[in-house]
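one predicted model, sequence on top.
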Amino acid sequence: MVLAVGLGGCAGPRQGTYEQRGFDTPSNSCRTQPALCIGQESVLPGIRAAEVAVVAAGAGAMLDADTRRAVELVLKECAEQARSQVLLREHGGQSPTKEECNEVVERNARGEPVTRAMKWGTAMHQVALECARQRLGTLIPGRFSLEPTYRFDRKAPKTTYVPQEEVNALLRKGRGAELKGTLVPDVVIHEGHPLQAQAVYDFKFPCLSSETDPPWRRYPRGHVYAGEYQHQLYMETLKLSEVPIRIVPRIGVIP
């Protein structure tokens with residue numbers, strides 16, 4: 001990979017919103033409330049304030065089998081913990097019905113309806129990511145990032161990593177629109193920098209316990225990547241050797 005460092009951040013808003021039927025896409029809370037951001041736990045020092053870009057080249061090194069198994073066990077346990085903790089706190093530990101999942105429980109800052117599935121999904125992601133931060137920080141320090149922000153220029157082709165500090169600054173200044181089109185995977189395992197990705201994982205939290213294969217998100221009409229699938233964009237953006245993985249409570253690892 002060829003690295004080039006430049007000034008300023010050019011990115012887009014966090015991809016994905018929760019569908020009413022499930023907790024199956026990443027949380028938007030970090031994008032709308034910077035104080036809730038977990039931040040970049042494991043990136044190389046000295047590159048916090050600048051945008052870093054990489055010219056798309058060959059795929060990076062693959063994650064070795066032992067490390068992969070250990071990482072996936074941690075993420076599976078974090079997903080289980082997140083679902084159990086949130087349901088215990090919010091619903092007496094019981095699985096919700098379809099009607100309960102779809103019930104509108106509040107409105108967001110834009111006046112849009114927020115279902116119980118959306119609200120709980122956000123909470124589950126936060127718990128799972130905090131769990132991953134602690135467990136992976138011990139297991140593979142310096143080799144993972146949580147919710148890193150990437151901007152992909154398909155014409156170049158070039159992938160740009162935007163540090164969390166820049167993302168937070170844009171949000172505080174009310175310039176979140178400048179983040180339009182970015183991709184933000186839940187967990188990226190890398191060789192020491194988010195652009196040296198070896199594996200990508202997204203937590204998926206189906207609202208109904210009967211749903212065993214929550215789909216990857218397909219971007220809707222009007223989106224920068226309308227009609228394209230989340231995992232396919234991850235692969236193209238980060239030049240991954242292997243397909244991204246979904247981590248689902250009770251089910252575990254799903255390609």
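Done, it's in.

and the nearest residue to T237 once chain neighbours are set aside, what is it in contact with?
Spatial nearest neighbour of T237, excluding adjacent residues (C-beta to C-beta, 6 or more residues apart in numbering): F152 at 4.3 Å. (C-beta placed from N, C-alpha, C; glycine too.) By C-beta atoms under 8 Å, 6 or more residues apart in numbering, F152 lies in contact with 158-160, 181, 183, 233, 236-237.

does F152 belong to a helix, a strand or coil?
strand (DSSP: H, G, I helix; E, B strand; the rest coil).

re earlier: which of the contacts of F152 are buried?
Among the contacts of F152, those classed as buried by 16 or more other C-beta atoms under 10 Å are 159-160, 181, 183, 233, 236-237.

can you pull out the helices in the stretch 101-250 of the chain?
Remark: helices assigned in the stretch 101-250 of the chain by DSSP state H, counting those that start in this stretch are 116-139, 164-172, 230-238.

out of these, which gets nearest to S210?
helix 116-139 (13.7 Å; C-beta to C-beta).

chain center to that closest one: distance?
Counting by C-alpha atoms, centre = their mean, to the nearest Å, helix 116-139 is centred 10 Å from the centre of its parent chain.

mean confidence score for it?
Summarised as a single mean, pLDDT over helix 116-139 is 97.

also stretch 225-239?
The model assigns stretch 225-239 a mean pLDDT of 96.

give me the contact list for stretch 67-78.
Contacts with stretch 67-78, where a contact means C-beta under 8 Å, 6+ apart, come from 63, 127-129, 131-132, 135-136, 139-140, 144, 187, 189, 199, 201, 203, 245, 247, 252-253.

okay, buried residues for that stretch please.
68, 71-72, 74-78.

export it as CSV, just CAs?
Below are the C-alpha coordinates for stretch 67-78, written out as CSV (Å, rounded to 0.1, in the frame of the first residue of the first chain):
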residue,chain,number,x,y,z
THR,A,67,-6.1,-14.9,15.6
ARG,A,68,-9.3,-15.0,13.6
ARG,A,69,-10.8,-17.7,15.8
ALA,A,70,-9.9,-15.8,18.9
VAL,A,71,-11.3,-12.5,17.6
GLU,A,72,-14.5,-14.1,16.5
LEU,A,73,-15.0,-15.8,19.8
VAL,A,74,-14.6,-12.4,21.6
LEU,A,75,-17.0,-10.7,19.2
LYS,A,76,-19.6,-13.5,19.5
GLU,A,77,-19.5,-13.3,23.3
CYS,A,78,-19.8,-9.5,23.1
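
local confidence estimate at Q198?
97.

got the contact list for it?
Per C-beta under 8 Å, 6+ apart, neighbours of Q198: 60-63, 189-191, 240-241.

may I see the ChimeraX selection of the buried members of the residues you listed?
A single ChimeraX command is used to select the members of the contacts of Q198 judged buried by 16+ other C-beta under 10 Å:
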select :60,63,189,190,191,240
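
since that was my last question, I'll sign off now.
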